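Dropping the sequence and predicted coords here.
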Amino acid sequence: MLDIYETDDGRIRHLDEYKSGCWVKLTSASEDELRPVAARYSIDYNDIKAALDEEEKSRIDIEDDYTLIIVDIPATEIRNDKKVYNTIPLGLILVNDAIITVCSEDTPILNHFIDFHVRFFSTKKKTRFVYQILLNSMMTYQTVLRTVDDRRLAIESRIGKVMEDEADLVELHELESTLVYFETSLRAAGVVIDRLRRYKHIPQFPEDEDLLGDVQVENRQAIEMATIYRDLIDGTSELISQVLNNRMNNTMKYLTSITIVMAIPTIISGLYGMNVRSDGMPFAGVQPGFGIICLITLIVCIIIAWILRIKKML
């Protein structure tokens, strides 16, 4: 999809044709949409379609006619009927009279600008626009990271209450994988941000440098959050594993105690079932002997069960 926008008098409007100072927004664009844009602004076709490759890494390339910036941004997908998070590349191309964004999905990071939720936003101020997009992506990372931690806390609150530990372990693994992807993408984005501060090819004003400094601070904070939350998830996973092991130990202890109690009638009945003379067997010659033996067996079982209960084994 190809959209062209321009800000004018504090408002954003959709254009039907290219114009100086416009924003060309390419979302999951086809080759028929990419090639005309590449030809108009003298951009290498491989560069303009690079952000559509999910395996593309964060980088910055400065050419004679344009500057290409690629960073990973947060995205969502449905996996096993659950909402999970991943990262996708976002391409930012600065040319002389326009800024071009390329992404494989319609991301809220860019839609915030279309909805004019970002203050002091102008498509004509390309450098500031790029830094605002980067800042918005860092803030989005932090929002998603807090959501990930909320899901971890929800799992932690269910430990020992419901029998969903295996499903929770799977979800924790997915959350941990998300944090690994996030941390890797954030560190790569940090390298791009550091290079932006050093490169003099991109014109910058003092307020733009302050904005880029804010981007760098938010990037470092997001990396720290991802690291902390990943450690917390490791602790939660270990806690669930310990709870499962403890539950299994309790089950084995309970079954062992039941086996001990049930072994008493088995031993007594086995002794009375031996092929020996009955003269020496207690209560063998008494008419109610069978009932007496059963009663004694029951009393012994009750005493053993009481002892096991006192020792908290039953």
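Good, I have the coordinates.

Run through the stretch 1-150 of the chain and note the low-pLDDT ranges.
80 (pLDDT under 70).

N86 bridge partners, please.
Note on N86: beta-bridge partners A75, judged by DSSP bridges.

Could you measure from it over to D65?
Distance of N86 to D65, given as C-beta to C-beta, to the nearest Å: 33 Å. In this view, the C-beta of every residue, glycine as well, is placed from N, C-alpha and C.

So which residues of the chain form helices?
31-40, 45-48, 108-114, 126-157, 165-198, 206-272, 289-310 (DSSP state H).

and I268, how many neighbours?
16 (other C-beta atoms under 10 Å).

now M252
Neighbours of M252 using other C-beta under 10 Å come to 10.

show me what contacts the nearest residue to Q142 once chain neighbours are set aside?
If the residues on either side of it in the chain are set aside, Q142 comes closest to A222, at 5.2 Å by C-beta to C-beta, 6 or more residues apart in numbering. By C-beta atoms under 8 Å, 6 or more residues apart in numbering, the residues touching A222 are 138, 141-142, 145, 182, 186.

which of the residues you listed lies closest to G291?
G291 lies nearest to L145 out of those, by C-beta to C-beta, at 71.3 Å.

Thought Y229 was touching that closest one, still the case?
Yes: using C-beta atoms under 8 Å, L145 is in contact with Y229, at 6.0 Å.

And the two? Which one has more around it.
Between L145 and Y229, counting by other C-beta under 10 Å, L145 is the more crowded of the two (25 against 21).

who's in contact with the nearest residue to the more buried one once chain neighbours are set aside?
Take L145 and drop its neighbours on the chain: the residue closest to it by C-beta to C-beta, 6+ apart is M225, 4.8 Å away. Going by C-beta under 8 Å, 6+ apart, M225 touches 142, 145-146.

Now distance to A51 too, for those, in CSV please.
Below are the contacts of M225 laid out as CSV (distance: C-beta to C-beta, whole Å):
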residue, distance to A51
Q142, 22
L145, 23
R146, 26
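
Could you check how many residues crowd around D208?
Neighbour number of D208 under other C-beta under 10 Å is 19.

Ok, I78 next?
8.

follow-up on the earlier one: to E54, which of the helices of the chain lies closest?
Going by C-beta to C-beta, the one of the helices of the chain nearest E54 is helix 165-198, 11.4 Å.

Give me the distance from the closest one to the chain's centre.
8 Å (C-alpha atoms, centre = their mean, to the nearest Å).

buried set for it?
Neighbour counts over helix 165-198 (16 or more other C-beta atoms under 10 Å) mark 165, 168-169, 171-172, 174-176, 178-179, 181-186, 188-190, 192-193, 196 as buried.

for stretch 133-152, same thing?
Buried residues in stretch 133-152 (16+ other C-beta under 10 Å): 133-142, 144-145, 147-149, 151-152.

List the residues that contact T178.
Here T178 is in contact with 84-86, 148 (C-beta under 8 Å, 6+ apart).

List just the nearest of those to F121.
After measuring these against F121 - C-beta to C-beta - the closest member comes out as Y85, at 25.9 Å.

gap between that closest one and E54?
14 Å.

The two: which is more packed in?
Shown here are Y85 and E54; by other C-beta under 10 Å, Y85 has more neighbours (20 against 12).

excluding its backbone neighbours, what's nearest the more buried one?
T178 (4.7 Å).

just I69 next, same as before
Using C-beta to C-beta, 6+ apart, the nearest residue to I69 is L92, at 4.2 Å.

Surely that neighbour and I99 touch.
Yes: between L92 and I99 there is a contact at 7.0 Å, judged by C-beta under 8 Å.

Overlap in contacts, those two.
Joint contacts of L92 and I99 (C-beta under 8 Å, 6+ apart) are V130.
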